[in-house]
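>>> Any chance you can model this:
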Amino acid sequence: MRVLVTGSAGRVGRAIYIKLMRTHDVVGIDKTPCSIADYIGDIRDNALIEGALKNIDVIIHTAALHAPHVGFVPDSEFQSINVDATEKLALAGVKAGIKQFIFTSTTALYGNASTPKGIAGWVNEQVTPQPKSIYHKSKIAAETKLEEISNLFQLPVTVLQMSRCFPEQADLMAVFRLTRGIDARDVANAHLCAVEKRLSGFNRFIISGATPFHLSDCEALYSEAGSVIKRKCPEIALAFKQRNWQLLQSLDRVYDSSSAQEKLGWSPIHGFESVLEMLDTESAEVLPILKRS
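Next up is the predicted model:
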């Protein structure tokens with residue numbers, strides 16, 4: 001199939017592009033020139049989008065303003081880029097005859113709903129978002145627009161809400177792989193699974209690392225996370241001990257990606273061990289640990 005990836009110069013867009021190009025004909029679009037941006041320009045450029053959509057079967061839409069942009073660009077830009085441009089892209093895709101639309105979203109949009117008071121939140125697709133910022137609100141609005149388009153035009157739309165996926169200090173990153181983090185390679189593979197599964201109708205999935213924890217662990221994770229980690233995942237506890245690292249003593253949420261694993265046939269494979277390997281090989285995907293006061 002011929003797949004258009006928007007935002008192909010970004011970390012996640014790049015990972016998706018490279019993963020899919022092994023088995024599909026992939027073209028990328030981004031405002032930043034690079035080797036995997038076949039079309040250069042703004043996704044709000046109608047003529048550019050029209051040209052990029054020729055003979056496209058699937059759109060994977062990752063281009064967006066993100067949380068770090070909040071406060072640095074006007075709220076109107078979040079509406080224009082994250083919501084209006086997403087809607088126009090999907091409608092242009094329908095007009096061009098695409099067979100599927102995949103939207104890269106974020107678990108951040110659950111906002112306050114992910115962190116209830118006094119207990120770790122257990123977050124799945126049934127949780128009602130309580131957005132904190134314009135970024136969260138714009139992603140929710142975009143998902144809503146896509147659901148409307150899916151229903152109106154019988155267009156298969158899959159929303160993939162990815163969890164924390166950016167370089168950070170290795171000890172935090174390793175623990176978060178058990179609860180609220182994901183490797184970009186696993187994100188890319190989830191998009192590939194979505195392309196090849198092509199579920200009918202509108203579907204929404206959380207994409208996060210595999211967790212050893214369960215809903216029944218949430219109270220203890222909030223108050224005594226170290227003990228729970230030692231019991232449920234002794235391998236990471238041993239690795240931390242060997243490196244003289246301290247386990248976190250409180251965790252505030254767990255993202256449940258079991259629905260995506262079941263319905264997309266996807267499985268996250270890059271857990272905490274991958275974080276340690278990246279640290280030891282000096283990968284730019286993970287940061288060394290700084291002394292904390």
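
>>> In contact with the nearest residue to Leu221 once chain neighbours are set aside: list those residues for me.
Closest residue to Leu221 apart from its sequence neighbours, by Cβ to Cβ, 6 or more residues apart in numbering: Ala120 at 4.1 Å. No exception for glycine: its C-beta is placed from N, CA and C like everyone else's. Counting by Cβ atoms under 8 Å, 6 or more residues apart in numbering, Ala120 makes contact with Asp217, Cys218, Glu219, Leu221, Tyr222, Leu251, Asp252, Arg253, Val254.

>>> List only those of these flagged as buried.
With neighbours counted using 16 or more other Cβ atoms under 10 Å, those contain these buried positions: Asp217, Cys218, Leu221, Tyr222, Leu251, Asp252, Arg253, Val254.

>>> thinking the third one is in contact with Leu251, fair?
Yes: using Cβ atoms under 8 Å, Leu221 is in contact with Leu251, at 4.6 Å.

>>> tell me, what's touching those two both at once?
Ala120, Thr179.

>>> Quick one: the strands in this protein, in order.
Secondary structure of the chain (DSSP state E): strands located at 2-6, 25-30, 39-40, 58-61, 100-106, 121-123, 157-162, 202-207, 253-255.

>>> would you turn those strands into JSON lines with distance to His270 and mean pLDDT?
Converted to JSON lines, these look like this (distance: least, Cβ to Cβ, whole Å; pLDDT from 0 to 100):
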{"stretch": "strand 2-6", "distance to His270": "20", "mean pLDDT": "98"}
{"stretch": "strand 25-30", "distance to His270": "21", "mean pLDDT": "98"}
{"stretch": "strand 39-40", "distance to His270": "30", "mean pLDDT": "98"}
{"stretch": "strand 58-61", "distance to His270": "20", "mean pLDDT": "98"}
{"stretch": "strand 100-106", "distance to His270": "18", "mean pLDDT": "98"}
{"stretch": "strand 121-123", "distance to His270": "20", "mean pLDDT": "98"}
{"stretch": "strand 157-162", "distance to His270": "13", "mean pLDDT": "98"}
{"stretch": "strand 202-207", "distance to His270": "12", "mean pLDDT": "98"}
{"stretch": "strand 253-255", "distance to His270": "15", "mean pLDDT": "98"}
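
>>> could I get the ones you listed as TSV with distance to Ala92?
Listed next are the strands of the chain as TSV, based on distance: least, Cβ to Cβ, whole Å:
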stretch	distance to Ala92
strand 2-6	11
strand 25-30	12
strand 39-40	13
strand 58-61	9
strand 100-106	11
strand 121-123	33
strand 157-162	14
strand 202-207	18
strand 253-255	32
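
>>> quick one, which of the ones you listed is nearest to Tyr135?
Ranking those by proximity to Tyr135 (Cβ to Cβ) places strand 100-106 first, at 8.0 Å.

>>> Quick one: list the elements packing against the closest one.
helix 11-20, strand 58-61, helix 85-96, helix 134-153, strand 157-162, helix 184-197 (3 or more Cβ pairs under 8 Å, 6 or more residues apart in numbering; DSSP states H and E).

>>> tell me which residues of it are tucked away?
So, applying 16+ other Cβ under 10 Å, buried residues of strand 100-106: Gln100, Phe101, Ile102, Phe103, Thr104, Ser105, Thr106.

>>> Specify the angle between that strand and helix 134-153 in degrees.
For strand 100-106 against helix 134-153, the angle by axes from the mean of the first three to the mean of the last three Cα atoms, to 10 degrees is 160 degrees.

>>> Now render the helices and strands packed on strand 100-106 as a markdown table, adding distance to Glu262.
Shown next, in a markdown table, are the helices and strands packed on strand 100-106 (distance: least, Cβ to Cβ, whole Å):
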| stretch | distance to Glu262 |
| --- | --- |
| helix 11-20 | 21 |
| strand 58-61 | 22 |
| helix 85-96 | 26 |
| helix 134-153 | 21 |
| strand 157-162 | 14 |
| helix 184-197 | 11 |
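
>>> Now tabulate those in a markdown table and tack on distance to Gly271 and mean neighbour count.
Compiled in a markdown table, the helices and strands packed on strand 100-106 are given as follows (distance: least, Cβ to Cβ, whole Å; neighbours: other Cβ atoms under 10 Å):
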| stretch | distance to Gly271 | mean neighbour count |
| --- | --- | --- |
| helix 11-20 | 17 | 22 |
| strand 58-61 | 25 | 26 |
| helix 85-96 | 31 | 19 |
| helix 134-153 | 26 | 19 |
| strand 157-162 | 16 | 25 |
| helix 184-197 | 9 | 22 |
